[in-house]
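1. Got a predicted model here, sequence first, then my questions.
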Amino acid sequence: MDVELLLKEIKMSVETKIETPYYLIDEENLLKNLRRIEYLRNHSGVKSVLALKCFSTWSIFDLMSKYMDGTTSSSLYETKLGYEKFGKETHAFSVAYSNDDISGLKGICGKIIFNSLSQLRMFYKKVKHIKIGLRVNPGISYSHFDLADPARKYSRLGVISKEDVMSVLDDISGLMFHYNCENDDFENFSDTLDKISMKYEKALNRVEWVSFGGGVCFTKDDYPLDKFCRKLKSFSEKYKVQIYLEPGEAAITESCELVTTVLDIVKNVKTIAIVDASIEAHMLDLLTYRIAGKINAEIGENEYIIAGSSCLAGDVFGEYKIRDNLKVGSKIRFANAGGYTMVKKNWFNGLKMPSIVIKRLNGNLEIVKNFLYKDFLDSLS
Ligand SMILES: Cc1ncc(COP(=O)(O)O)c(C=O)c1O
């Protein structure tokens with residue numbers, strides 16, 4: 001037998017020995033995204049900072065930090081994590097900081113972005129030695145969900161009034177516009193960027209850096225990356241600004257699975273396979289946004305509802321038509337389980353927490369985190 005094939009089979013058999021449930025991060029798949037990020041940096045001059053709110057699994061930061069410029073955060077703890085585990089540039093943002101947060105940020109972030117004028121005024125003296133940015137709400141956005149729409153009615157995310165933005169330009173060096181969510185439409189991105197460019201021209205001429213946040217699917221196979229590079233490059237040349245992007249999902253998309261085992265199969269008109277994981281506890285966004293999880297399986301004639309093992313009646317991953325006949329012990333692999341999953345997992349029902357496994361570039365599997373009853377116990381008191 002071919003040696004490579006043999007090694008592959010040995011590794012597969014090692015994987016079947018890992019107890020489910022577990023999140024499996026595949027470095028090779030991750031690398032595809034990271035190489036696109038690198039391409040973007042090289043061809044547009046844009047810097048990319050990882051949005052830790054989406055993905056904070058720091059055991060893989062050594063690889064990610066080779067291709068990205070640093071991290072951005074949503075709280076003091078995320079900022080600390082980025083500083084300690086990722087390094088390079090550490091950006092800090094929060095919808096609202098407390099006094100203690102600001103004290104904790106001292107010495108660990110290179111940029112701090114405020115969400116409002118009142119927060120900027122409140123903390124300006126304490127942070128004026130670092131680069132300060134202001135989040136702007138341009139009043140336009142791209143989002144499939146009202147819940148995630150930064151420009152939704154009565155949004156608290158960013159400064160709305162252009163006059164307010166203009167009034168603090170002497171105190172800040174940058175602006176942040178996060179206005180996209182899962183935007184895979186380049187033409188839309190391009191049009192909205194032009195609108196922002198026209199509306200904030202005077203402000204843009206006076207700052208050193210601009211962040212366009214996250215939410216753009218530029219690492220997808222069919223995304224017109226060269227056009228994206230050209231668009232961003234011409235913007236940064238026009239205003240002489242350093243552009244930052246804050247990819248979360250785009251950095252880790254399609255690089256992670258949630259691997260589970262079927263524990264039971266029941267029937268209520270349809271056939272329902274119950275797995276040893278839960279959307280509520282382990283892939284919460286599926287529940288929040290009412291979307292079906294994708295599974296990595298051959299399509300076929302067998303129809304199943306695949307559901308979680310929590311007590312929640314609606315703990316359902318989705319309905320699938322697959323080739324295999326499922327039985328107790330069958331493996332189900334949920335695709336794209338990296339973004340907004342591990343950072344949101346919780347101990348609902350005291351369910352077994354999926355461990356975290358990394359498939360390294362050399363094919364080795366490393367269990368980087370195993371959760372035990374003690375972790376459940378320690379999360380409460
Ligand atoms: C300010 C900011 N930056 C970056 C991101 C990351 O977005 P995504 O994971 O969609 O790329 C978000 C997501 O909500 C955000 O609010």
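-> It's in.
2. Run through the residues that contact Gly213.
-> Contacts for Gly213 were tallied using Cβ atoms under 8 Å, 6 or more residues apart in numbering; they are Met176, Phe177, His178, Tyr179, Asn180, Leu245, Glu246. For the C-beta atoms, the positions are set from N, CA and C on the backbone; glycine is no exception.
3. Can you tell me the closest non-neighbouring residue to the fifth one?
-> So that's Asn180. In space, not counting the residues next to it along the chain, Asn180 is nearest to Gly215; the distance is 3.3 Å by Cβ to Cβ, 6 or more residues apart in numbering.
4. domain assignment for the chain?
-> With domains defined by automatic domain parsing, the chain comprises 3-20+255-378, 28-252.
5. Could you measure from Ala297 over to Thr20?
-> 15 Å (Cβ to Cβ, to the nearest Å).
6. And for Leu105?
-> According to Cβ to Cβ, Leu105 and Thr20 sit 39 Å apart.
7. which one is the residue in the stretch 251-381 of the chain positioned nearest to the ligand nearest to, not counting chain neighbours?
-> In the stretch 251-381 of the chain, the residue found nearest to the ligand is Gly339; the distance is 5.9 Å by Cβ to the nearest ligand atom. Setting aside the residues directly before and after it, Gly339 is nearest to Glu249 in space (Cβ to Cβ, 6+ apart), at 4.3 Å.
8. Neighbours of the one you found, how many?
-> One way to gauge burial is a neighbour count; for Glu249, by other Cβ atoms under 10 Å, it gives 22.
9. Likewise for Leu287?
-> Neighbour tally, Leu287, other Cβ under 10 Å: 18.
10. State whether it is indeed within a helix.
-> Yes. Leu287 forms part of a helix when assessed by DSSP: H, G, I helix; E, B strand; the rest coil.
11. Strands of the stretch 1-150 of the chain, start to end?
-> Under the criterion DSSP state E, counting those that start in this stretch, the stretch 1-150 of the chain carries strands at the ranges 22-26, 47-51, 70-72, 89-93, 111-114, 131-135.
12. Next: the stretch 151-300 of the chain.
-> So, for the stretch 151-300 of the chain - with DSSP E, counting those that start in this stretch - the strands run 174-176, 209-211, 242-245, 256-268, 270-275, 299-307.
13. so what's the closest residue to Lys88 other than its chain neighbours bridging to?
-> Counting by Cβ to Cβ, 6+ apart, Gly70 is the residue found nearest to Lys88 once chain neighbours are left out, at 3.9 Å. Assessed by DSSP bridges, Gly70 has beta-bridge partners Val49, Glu89.
14. quick one: contacts for Gly70?
-> Shown in contact with Gly70 (Cβ under 8 Å, 6+ apart): Lys47, Val49, Leu50, Gly82, Phe86, Gly87, Lys88, Glu89, Thr90, His91, Gly110.
15. May I have the beta-bridge partners of Phe334?
-> Beta-bridge partners recorded for Phe334 (DSSP bridges): Leu258, Ile295.
16. Pretty sure it sits against Ile279.
-> No. Look at Phe334 against Ile279 with Cβ atoms under 8 Å: they stay out of range, at 9.2 Å.
17. Could you tell me which residues touch both of those two?
-> Taking Cβ under 8 Å, 6+ apart as the contact definition, Phe334 and Ile279 share the neighbouring residues Gly293, Phe317.
18. longest helix anywhere in this structure?
-> The longest helix of the chain (DSSP state H) is helix 27-44.
19. which helices and strands sit right next to that helix?
-> Counting contacts by 3 or more Cβ pairs under 8 Å, 6 or more residues apart in numbering; DSSP states H and E, helix 27-44 packs against strand 47-51, helix 61-64, helix 225-239, helix 249-252, strand 355-359.
20. Out of these, flag the one nearest Gly318.
-> Gly318 sits nearest to helix 249-252 of all the helices and strands packed on helix 27-44, at 19.1 Å, using Cβ to Cβ.
21. could you say what helices and strands that closest one packs with?
-> Helices and strands in packing contact with helix 249-252 are listed as helix 27-44, strand 47-51; criterion 3+ Cβ pairs under 8 Å, 6+ apart.
22. Let's have the ones you listed in CSV, adding distance to the ligand and mean neighbour count.
-> Written out in CSV, the entries for these read as follows (distance: least, Cβ to the nearest ligand atom, whole Å; neighbours: other Cβ atoms under 10 Å):
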stretch, distance to the ligand, mean neighbour count
helix 27-44, 11, 18
strand 47-51, 4, 26
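23. Ok, which of the ones you listed comes nearest Ser143?
-> Put simply, out of the helices and strands packed on helix 249-252 the one that sits nearest Ser143 is strand 47-51, at 15.4 Å, with distance taken as Cβ to Cβ.
24. about what we covered before: could you dump the strands of the stretch 151-300 of the chain to JSON lines with mean pLDDT and mean neighbour count?
-> Conversion of those to JSON lines gives the following (pLDDT from 0 to 100; neighbours: other Cβ atoms under 10 Å):
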{"stretch": "strand 174-176", "mean pLDDT": "98", "mean neighbour count": "24"}
{"stretch": "strand 209-211", "mean pLDDT": "98", "mean neighbour count": "23"}
{"stretch": "strand 242-245", "mean pLDDT": "98", "mean neighbour count": "21"}
{"stretch": "strand 256-268", "mean pLDDT": "98", "mean neighbour count": "18"}
{"stretch": "strand 270-275", "mean pLDDT": "98", "mean neighbour count": "18"}
{"stretch": "strand 299-307", "mean pLDDT": "98", "mean neighbour count": "16"}
